[in-house]
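Chemist: Sequence first, then the predicted structure:
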Amino acid sequence: MIYNFDEIIDRKDTSCVKYDALEKYFGYKDLQPLWVADMDFKTPDVIIKALKEKANKGLFGYPISTQKTDTLVKEWMKKRHNWEIEESWISYVNGVVPAYSAAVEAFSEEGDEIIVQTPVYFPLFNHIKSNNRKMITNPLIEDNGYYKMDLEDLKAKITPKTKIFVLCSPHNPVGRVWSKEELEELAKICLEHNILMISDEIHADIVFKKFTPLASISEEIADNTLTLNSPGKTFNTAGLNCAYAICKNKSIMKKFMVEAQRRGITSVNVFGYVALEAAYEFAEPWLEELLVYLKNNISYTKDYLTKYNSKVTFLEPQATYLLWLNFKNTISDYNKVKQKLLEEAQIALNEGTSFGIDGKGYFRLNCALSKNKLEEALGKIVTHF
């Protein structure tokens, strides 16, 4: 490998949520943090170089995207996902979550219903409720650790007030990469009922099998889909606040951007644009090696838990660096599992119930860290579970 993913970087006292907010969120300072979905790997040198060059110019006025920005996003989608988009389909915002909230406001009214597939990334819940919409859950079906969509349940829950379906693709936290066939069946239902699909594809680059962007399947689906994405997860640049929306349907994009501008989320960090351009133009070799390292970490975790006969299990994810650990065969009391993780194992994981009630018995572990540190964390788990 050219890139050193084994390097251990001390992130304490760097004003990062993952390390410096442990006491705030968990009540303990001295925990090994494997929760927040950012990586402990250094951002690619080509991105750091571009940021330094921008900083050295000493001018940080209001930025705009350029033709180059649009072209690089377009080329990235074609190269990585075989998705042909037009530059005019792209608009920039300062984050996927703020964009999602703006879309909820733009395409539904108070009291309308929005469907999510639980367990799922929990900020989706917050922005449905904060916009005074009604959240409808369409729980995924778990079959021996493998998750699939329950489309019969989905059809049964649709009403005239159902306006939006939210897709997490690839799925966080269960790690599914939805097949083209699954997405086609889902889209057919939404199209029949005139339900807008919002597809959160922020983990699309961190996949271990073929990924299909929802809007790439057909023109009809593209005309009914707002896709949200960012280089933030892929290249560990989430703090630079640069994301984008893609939509073929001009009226949908216009309506979305009116709300995005009203909320003031179209002002992207000047370094965000720089990082996006450097990432998509120069950092693909780094990404290829990252995927190998992450896949090895996932396999190592599986083998480690098996070797030490741990009752903690998980299905190897098809995407993301997030492991959906099943603690159901350890201690029956979920709160006691949580307490033991914090007080005895001294590791910080995301509680499964934060992703919805379907997550009870699970905890999410972020394995995007050096193998040595991962081994340290796994040792704590097998010792206590």
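Modeler: Alright, I've got the coordinates. Residues are numbered from 1 along each chain as shown.
Chemist: any idea how far His193 is from Phe235?
Modeler: Phe235 sits 37 Å away from His193, going by C-beta to C-beta, to the nearest Å. Just so you know, the C-beta spots here come from the backbone N, C-alpha and C atoms, and that holds for glycine as well.
Chemist: do Thr14 as well
Modeler: 47 Å.
Chemist: can you check Leu183 too?
Modeler: The gap separating Leu183 from His193 is 16 Å, by C-beta to C-beta.
Chemist: Between these two, which is the more surrounded one?
Modeler: Comparing Leu183 with His193 by other C-beta atoms under 10 Å, the one with more neighbours is Leu183, at 22 against 15.
Chemist: what's that one sitting at in phi/psi?
Modeler: phi -70, psi -40 (degrees, to the nearest 10).
Chemist: Would you mind confirming that Glu351 is in contact with Phe363?
Modeler: Yes: applying C-beta atoms under 8 Å, one finds Glu351 in contact with Phe363, separated by 6.3 Å.
Chemist: where exactly do the strands run in this protein?
Modeler: 32-33, 90-93, 113-116, 134-137, 141-143, 146-148, 162-168, 196-200, 225-229, 243-246, 322-326, 347-348, 350-351, 362-366 (DSSP state E).
Chemist: Please dump those into TSV; it should also carry mean pLDDT for every row.
Modeler: Putting these into TSV (pLDDT from 0 to 100) gives the following:
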stretch	mean pLDDT
strand 32-33	98
strand 90-93	98
strand 113-116	98
strand 134-137	98
strand 141-143	90
strand 146-148	92
strand 162-168	98
strand 196-200	98
strand 225-229	98
strand 243-246	98
strand 322-326	97
strand 347-348	98
strand 350-351	98
strand 362-366	98
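Chemist: Redo the ones you listed as TSV? Include distance to Met77.
Modeler: As requested, the strands of the chain are exported to TSV (distance: least, C-beta to C-beta, whole Å):
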stretch	distance to Met77
strand 32-33	32
strand 90-93	9
strand 113-116	25
strand 134-137	30
strand 141-143	30
strand 146-148	26
strand 162-168	17
strand 196-200	13
strand 225-229	9
strand 243-246	8
strand 322-326	23
strand 347-348	35
strand 350-351	29
strand 362-366	26
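Chemist: Helices of the stretch 101-250 of the chain, residue ranges please.
Modeler: Along the stretch 101-250 of the chain, the segments classed as helices by DSSP state H, counting those that start in this stretch run 123-129, 151-157, 180-192, 219-222, 232-235, 250-263.
Chemist: Out of the ones you listed, the one nearest Cys168 is which?
Modeler: helix 123-129 (7.6 Å; C-beta to C-beta).
Chemist: which strands and helices sit next to the closest one?
Modeler: helix 96-107, strand 113-116, strand 134-137 (3 or more C-beta pairs under 8 Å, 6 or more residues apart in numbering; DSSP states H and E).
Chemist: how close does the residue lying closest to Asn297 once chain neighbours are set aside get to Phe211?
Modeler: For Asn297, ignoring the flanking residues on the chain, the nearest one in space by C-beta to C-beta, 6 or more residues apart in numbering is Cys367 at 4.6 Å. Remark: distance between Cys367 and Phe211 (C-beta to C-beta) = 19 Å.
Chemist: can you check Asp200 too?
Modeler: 13 Å.
Chemist: Overlap in contacts, the two.
Modeler: Ser169 (C-beta atoms under 8 Å, 6 or more residues apart in numbering).
Chemist: Compute the inter-axis angle for the lengthiest helix in the chain and strand 322-326.
Modeler: When the chain is parsed with DSSP state H, its longest helix is helix 284-307. Going by axes from the mean of the first three to the mean of the last three C-alpha atoms, to 10 degrees, helix 284-307 is angled at 10 degrees with respect to strand 322-326.
Chemist: I'd like to know which elements helix 284-307 is packed against.
Modeler: helix 232-235, helix 371-384.
Chemist: Kindly recompute the last result at 7 Å.
Modeler: If you count contacts as 3 or more C-beta pairs under 7 Å, 6 or more residues apart in numbering; DSSP states H and E, helix 284-307 packs onto helix 371-384.
Chemist: That'll do, ta.
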